[in-house]
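> sharing a model that was predicted from the sequence below.
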Amino acid sequence: QVQLVESGGALVQPGGSLKLSCVATGSISDYYAVGWARQAPGKERDGVACFVNGDGPSYYIDSVKGRFTISRDNGKRTVTLEMTDLRAEDTGIYYCTILTHMRPCPRATYDFYGQGTQVTVSS
């Protein structure tokens, strides 16, 4: 079973930028998609971005489109989420995720989650 380890979470001011990284202990190229989910305070965990394997497209929830960019490097077994123009509502625990088989994303129940990294957007 692949394990996912996130890093990069921090306290950042509104309007700032942050880059989250995820390293997998095994290959990610065999899975349908990789993604990021977040859990805001008092809310359920929900997907925000996903990247389908190969030359597949990436998908985002509406509230992060144009501000977040997901990327993957199968050779390095890494998944990255670059976040710009951060807002208070982006605060939450961010989880690196894997979808093993085809399902609509990013709003999905993923098959693997990392332990999460905290992102706090506040002045």
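Received it, and whenever you're ready, just let me know what you need. Numbers count the residues shown, from 1 in each chain.
> please count neighbours and contacts with C-alpha atoms only from this point.
Will do.
> wait, isn't Thr84 in contact with Pro14?
No. Under the criterion of CA atoms under 8 Å, Thr84 is not in contact with Pro14, lying 9.5 Å apart.
> joint contacts of the two?
Taking CA atoms under 8 Å, 6 or more residues apart in numbering as the contact rule, Thr84 and Pro14 have no neighbour in common.
> can you tell me how far the nearest residue to Pro41 once chain neighbours are set aside is from Thr120?
Distances taken as CA to CA, 6 or more residues apart in numbering put Gly92 closest to Pro41, at 6.2 Å, once the chain neighbours are dropped. Separation of Gly92 from Thr120 (CA to CA, to the nearest Å) stands at 6 Å.
> with Pro106 instead?
As judged by CA to CA, Pro106 and Thr120 stand 21 Å apart.
> show me what contacts the spatially most central residue of the chain?
Central residue check for the chain by CA atoms, centre = their mean: the C-alpha nearest the mean position is that of Trp36, 1.9 Å away. Contacts were defined as CA under 8 Å, 6+ apart; by that measure Trp36 touches 47-50, 81, 94-97, 106.
> would you mind checking those residues for buried ones?
Among the contacts of Trp36, the ones that count as buried by 16 or more other CA atoms under 10 Å are 47-50, 81, 94-97, 106.
> so who does Cys96 touch?
With contacts defined as CA under 8 Å, 6+ apart, the neighbours of Cys96 are 4-6, 22, 34-37, 79, 113-114, 116.
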